[in-house]
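> sequence first, then the predicted structure, then my questions.
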Protein chains: 2
Amino acid sequence: MSITVKDVAKAAGVSAATVSRVINNDPRISEKTAKKVNDCIQELGYKINNVARSLKTNKTRTIGFIAPEIANDFFMNVAKGVEDELRKHGYSVIVCSSNESSTEENNRIQLLSEKCVDGLIIIPASGEGKHFNQLKEVNIPVVLADRLVANFETDAVLVDNINGSYTAVEHLINSGCRRIGFIGGDMNVTTARERYEGYRRALSDYCIPIEESIIKFGNYHVQSGYELMKELMEYPDPPQNVFISNYFMHVGATKFLMEHRDTIASNVSIASFDDMEISSILGFCSVRIRQPMIEIGSKAAQILLKRISHDYSNFPQILRLKTELITKDY
Amino acid sequence: MSITVKDVAKAAGVSAATVSRVINNDPRISEKTAKKVNDCIQELGYKINNVARSLKTNKTRTIGFIAPEIANDFFMNVAKGVEDELRKHGYSVIVCSSNESSTEENNRIQLLSEKCVDGLIIIPASGEGKHFNQLKEVNIPVVLADRLVANFETDAVLVDNINGSYTAVEHLINSGCRRIGFIGGDMNVTTARERYEGYRRALSDYCIPIEESIIKFGNYHVQSGYELMKELMEYPDPPQNVFISNYFMHVGATKFLMEHRDTIASNVSIASFDDMEISSILGFCSVRIRQPMIEIGSKAAQILLKRISHDYSNFPQILRLKTELITKDY
DNA sequence: CTCACCTATGCACACGATTACATATAATAT
DNA sequence: ATATTATATGTAATCGTGTGCATAGGTGAG
């Protein structure tokens, strides 16, 4: 069928071992035979079979990336960081979606470990991670990205969510706001908890009382942002400033405001976590917290590569990347 | 190191062959031994090694997906369709970015073919595809998505771009517009050509003269949309209606208009290809052409699976999915 | 009772590469 | 000239599965 080392060996008049050594740049090979073999490789159009190689070396040079969702601008920016970094080192990435379900996440982990990936980068579906522990047994390194899980100790690359939302809320306060509504994600997700914590701390530090009725929790989706903003705005005395915990909720909330700009909401001002390309042209938005999305991915990839090469120094390494306050607006 | 069929065989008191047959549901295995073997598999925590299996079967149950960019909402919606469909059939997806370069695209193709993927789904970086022909030799099926290439005959899943933009422009005309500007993508990309063609045909069919000066070409990026809209708006007599060829240019164009809404552009109206979640809340937007993004991916996956199972009926199959005109707006 | 046949399982090789070990040749030292 | 070492290559085992062929035992027909 296809051309193997044996075919090349025969053509070059050497043994299969020699061909293999040429392919792997073994320094012991003489220049003469190396050239001869390489010529034959060219001529025959030989392509290495990485499946066979992997069987022998026990390395696939492939890693798995599991995100709660594929068609998601945030996760895919992380994925981009991962892919860019790993490709430089000759690795490929199998991308899986957990569909925001820990059960499915577990299935993907199974699948990927059976595919013998060298490592995993996971954005966990929820804060519960006991199904991760099986990976300890298989001895396959895992780096978490963006979110943490409980009861599983491993490397992780996160952002400083608490300070991020703190800074945004602080900015609002310094602009004279006193009543600041809150729209948050699912509290099972660590980032949602942390962003809420930052909000509370800022209010507390500036001696602003917490007003439970203008604090809303949902999930990180457009629809949820829409509904929670609706709830807030239908109060008799709605807050004029709202902190929103992620980009998608921000979009949903903006959607609601756009639909009702003539009736309810003319002068609502939003501070939002995330700063995507489109954030700057969404109406009502005053302040945003930019996350280094690509860097989350590339750092995670770097740590993973380190673990794959059996360097377990500083384990577990929890990286907290800084966020950036964006006030520029149109 | 890890548990193999041999270990299971020993534990169950059978041969490795029998274990293998149990795993693959060979009907000749008696229920009794099947149960015994399965129990041992459970007990030992045996996990199949798919690398070894692939070497033997010559099938990896993995396909490659190459897109010009990873952090791109459109491409990743296609990817989602691909992944969902393939996962149902037990396949995984290696995602690669060509970074909009045919050279890099070629590298990825090489890489993936050496990884022995069972098939490829590619959104080509450009309309030039002579480097695809090597795939014919390796005998690995390819399905193109979204875009076509010249000089390479294979299956493809596309949308009806010509009718899509025709319909949008027609809608503008029927709303009374006579001067309709055009912002288009790189004409090396087939969708850009087709969308331009639809624009021209609509004008022609309604006897509106083509005004070359208000027709602009760039690439499918935010920045390009921004610049071209700027060019249009800085004319002494700018068009009040503009057709924009994709979502990202739409965003860029809107960005420009937002920045200058007080000076230049208060009443510009945009018709745009693509209908992403955010499109509906972008200002200035009146009409959008929705593409079935996920369906592009799932259909491509279906065709690919068909080819992988050696069903080459109706080759090459070129699917043109319908677009949908969206006029709802806020 | 014998023969044919079916079922369930084992044996052993193959997939395509890597690699420890052996060996042949050349180079250098004594 | 011989011993020693370095260099370059070949031999053969191995990675974990799948599968063609062989075989042992069981069943039914004549």
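That came in fine, so what should we check first? Numbers count the residues shown, from 1 in each chain, chains lettered A, B, ... in the order given.
> how about low-confidence regions in the stretch 1-150 of chain A?
Applying pLDDT under 70 to the stretch 1-150 of chain A flags the ranges A:1.
> in this structure A:Val169 contacts A:Ala271, no?
Yes: between A:Val169 and A:Ala271 there is a contact at 6.9 Å, judged by Cβ atoms under 8 Å. All C-beta atoms are positioned from the backbone trio N, CA, C, and that covers glycine.
> what sits in contact with each of these two?
By the contact definition Cβ atoms under 8 Å, 6 or more residues apart in numbering or on different chains, A:Val169 and A:Ala271 are jointly contacted by A:180, A:243.
> where along chain A do the strands fall?
With strands called from DSSP state E, chain A shows them at A:62-67, A:92-97, A:119-122, A:142-145, A:155-159, A:180-184, A:215-217, A:241-244, A:269-273, A:285-290, A:318-321, A:324-326.
> now those in a markdown table, with distance to DNA strand D and mean neighbour count?
Output for the strands of chain A, formatted as a markdown table (distance: least, Cβ to the nearest atom of the strand, whole Å; neighbours: other Cβ atoms under 10 Å in any protein chain shown):
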| stretch | distance to DNA strand D | mean neighbour count |
| --- | --- | --- |
| strand A:62-67 | 16 | 26 |
| strand A:92-97 | 19 | 25 |
| strand A:119-122 | 18 | 26 |
| strand A:142-145 | 21 | 26 |
| strand A:155-159 | 26 | 24 |
| strand A:180-184 | 45 | 26 |
| strand A:215-217 | 45 | 19 |
| strand A:241-244 | 49 | 27 |
| strand A:269-273 | 45 | 25 |
| strand A:285-290 | 46 | 22 |
| strand A:318-321 | 33 | 15 |
| strand A:324-326 | 47 | 15 |
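> out of the ones you listed, nearest to chain B?
Across the strands of chain A, chain B has its closest neighbour in strand A:92-97 (4.4 Å, Cβ to the nearest Cβ).
> from A:Leu148, how far out is the spatially closest residue to A:Leu158 that is not a sequence neighbour?
Nearest in space to A:Leu158, with sequence neighbours left out and distances taken as Cβ to Cβ, 6 or more residues apart in numbering or on different chains, is A:Arg320 at 5.5 Å. According to Cβ to Cβ, to the nearest Å, A:Arg320 stands 11 Å off from A:Leu148.
> what is in contact with these two at once?
A:Leu158.
> all helices of chain A, in order?
For chain A, the helices defined by DSSP state H cover A:5-12, A:16-23, A:31-44, A:50-57, A:73-88, A:102-114, A:134-138, A:161-174, A:190-205, A:222-233, A:247-259, A:293-308.
> which one of those helices lies nearest to B:Met249?
Closest of these to B:Met249 is helix A:73-88, at 17.0 Å (criterion: Cβ to Cβ).
> you'd agree A:Phe315 is up against A:Val143?
No: contact criterion Cβ under 8 Å: A:Phe315 and A:Val143 do not qualify, at 10.8 Å.
> what is in contact with the two at once?
Residues touching both A:Phe315 and A:Val143 (Cβ under 8 Å, 6+ apart): A:155, A:307.
> how close does the most centrally placed residue in chain A sit to A:His250?
Central residue of chain A (Cα atoms, centre = their mean): A:Val78, 4.1 Å from the mean position. The gap separating A:Val78 from A:His250 is 18 Å, by Cβ to Cβ.
> and if you look at A:Leu228?
The separation that A:Leu228 has from A:His250, given Cβ to Cβ, amounts to 11 Å.
> of these two, who's got more company?
A:His250 (29 against 26; other Cβ atoms under 10 Å in any protein chain shown).
> residues contacting that one?
Here A:His250 is in contact with A:225, A:244, A:270, A:272-274, A:279, A:282, A:285 (Cβ under 8 Å, 6+ apart).
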